[in-house]
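S.K.: model this:
(one chain, ligands or ions: 1)
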Amino acid sequence: MLEKTTKSPNKWPLAQAAGAASRTARNSILEAVGDTPMVHMARLFEESGLAVFGKLEALNPGGSIKDRAAYNILTHALAAGVISHDTTVVESSSGNFAIGLAQVCAYMGLRLVCVVDIKTTASNISIIEAYGARVDLVSKPDPESGEYLNARLKRVRQILDSVPNGFWPNQYANADNSGAHFGSTMPEIVATLGDNIDYLVLSTSTCGTLRGCADYIHERHMKTKVVAVDAMGSVIFGRPSGKRLLPGHGAGIVPPLFKSDLADIVVHVSDLDCVLGCRRLVQYEAILAGASSGGVVTAIERLAADGVMAPGARVAAILPDRGERYLDTVYSDRWVQEKLGNEALSI
Ligand SMILES: Cc1ncc(COP(=O)(O)O)c(C=O)c1O
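M.R.: Below is the predicted model of the structure:
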């Protein structure tokens, strides 16, 4: 039987625990966006000899890196008078950006309509609605192009035409999306690791992260090489469009935020690469992350195996979101076996 204790022992192992001089209360949940920790993933990359540091974007309050873009876009739109408190924000997004927007709109008291399609997971719809946003479901692809993205964008325009003071954040083209990473993500990485960083590895969809971080690196003449990790089947880097199962990274269009000189190295990863990377990440480092983080892990392993990244290199790796949103896919043995075959389960 456990002994009864009269007092909690003061035995917290970390030096930077409660009471550290810099700790202050945030004024709102929005001030809790960003400033995410970096973790030395020493076990996973021990054999390769690389020093790889993962930036845990899962620890943003809405669970992903997209909190930064949502916060930055709406804060600037409000400050510039482009939106006001009677604005209805309308966006085509079914994933992390929708959740980030829902969080910011809930705090700012703005109406939000998220246009989603039938591929959106039930749990994401529940999260978006729990923040108080409205979900508008598009159930058929665009008849001309056969694409859901085009059908969703048409629906966004329809809703904007029908509401007074509508605002479309348009994350694929909005400079405040990449500005979030120029102004927060990359400065935080440099504040943590210094500017002795050989590689920055990140995943791509709207290219907000890529554009903002690469602009920062190039403007400051840092030596850091930018590695963009994209999904196979994504068209961002000029490859043909193809079927992809896992959401988050990749895009069916070349985003206006994209520029061809942003990345020094481009790695394409499959759904299976993402699953394997995620499962190794949790097995070696106990980090339960989303699909694109697995893609980042696999890309680094591949570049190390190919001799592109030499032992001793210092690598910053952005891990964009939480694993909980992928329990029915990446972390479900049944889903993996059914969709990707047995190989994924053999680690
Ligand atoms: C899980 C995940 N990974 C990667 C990305 C890519 O980020 P960006 O849109 O900045 O290119 C996103 C964007 O939504 C994402 O949700």
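
S.K.: Tell me where the stretch 101-250 of the chain has helices.
M.R.: Counting by DSSP state H, counting those that start in this stretch, residue ranges of the helices within the stretch 101-250 of the chain are 122-130, 148-162, 175-180, 186-193, 208-219.

S.K.: Give the other helices and strands that the shortest one contacts.
M.R.: This means helix 175-180. The elements that helix 175-180 packs onto, with contact taken as 3 or more Cβ pairs under 8 Å, 6 or more residues apart in numbering; DSSP states H and E, are helix 66-79, helix 208-219. C-beta: built from backbone N, CA, C; applies to glycine.

S.K.: which ones are touching whatever residue of the chain ends up closest to the ligand?
M.R.: When scored by Cβ to the nearest ligand atom, the chain has residue 248 as its residue closest to the ligand, at 2.9 Å. Residue 248 makes contact with 95-96, 203, 205, 290-292, 320-321, according to Cβ atoms under 8 Å, 6 or more residues apart in numbering.

S.K.: one step back: would you convert the helices and strands packed on helix 175-180 into a markdown table that also reports distance to residue 132?
M.R.: Written out in a markdown table, the entries for these read as follows (distance: least, Cβ to Cβ, whole Å):
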| stretch | distance to residue 132 |
| --- | --- |
| helix 66-79 | 15 |
| helix 208-219 | 25 |
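
S.K.: want to throw the ones you listed into JSON lines with mean neighbour count, mean pLDDT and distance to residue 46?
M.R.: Conversion of the helices and strands packed on helix 175-180 to JSON lines gives the following (neighbours: other Cβ atoms under 10 Å; pLDDT from 0 to 100; distance: least, Cβ to Cβ, whole Å):
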{"stretch": "helix 66-79", "mean neighbour count": "24", "mean pLDDT": "98", "distance to residue 46": "31"}
{"stretch": "helix 208-219", "mean neighbour count": "23", "mean pLDDT": "98", "distance to residue 46": "26"}
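
S.K.: Turn those into TSV, columns for distance to the ligand.
M.R.: What follows is these, written out as TSV (distance: least, Cβ to the nearest ligand atom, whole Å):
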stretch	distance to the ligand
helix 66-79	5
helix 208-219	3
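
S.K.: Could you tell me which residues of the stretch 51-200 of the chain lie near the ligand?
M.R.: If contact is defined as Cβ under 6 Å from any ligand atom, the residues of the stretch 51-200 of the chain in contact with the ligand are 64, 66, 95-97.

S.K.: Please flag which of these sit within strands.
M.R.: Within these, no residue falls in strands by DSSP state E.

S.K.: Of those residues - the most surrounded one?
M.R.: With neighbours set by other Cβ atoms under 10 Å, the maximum within those is found at residue 66, which has 30 neighbours.

S.K.: so it touches residue 102, yeah?
M.R.: No: between residue 66 and residue 102 no contact is recorded; they are 10.7 Å apart, counting by Cβ atoms under 8 Å.
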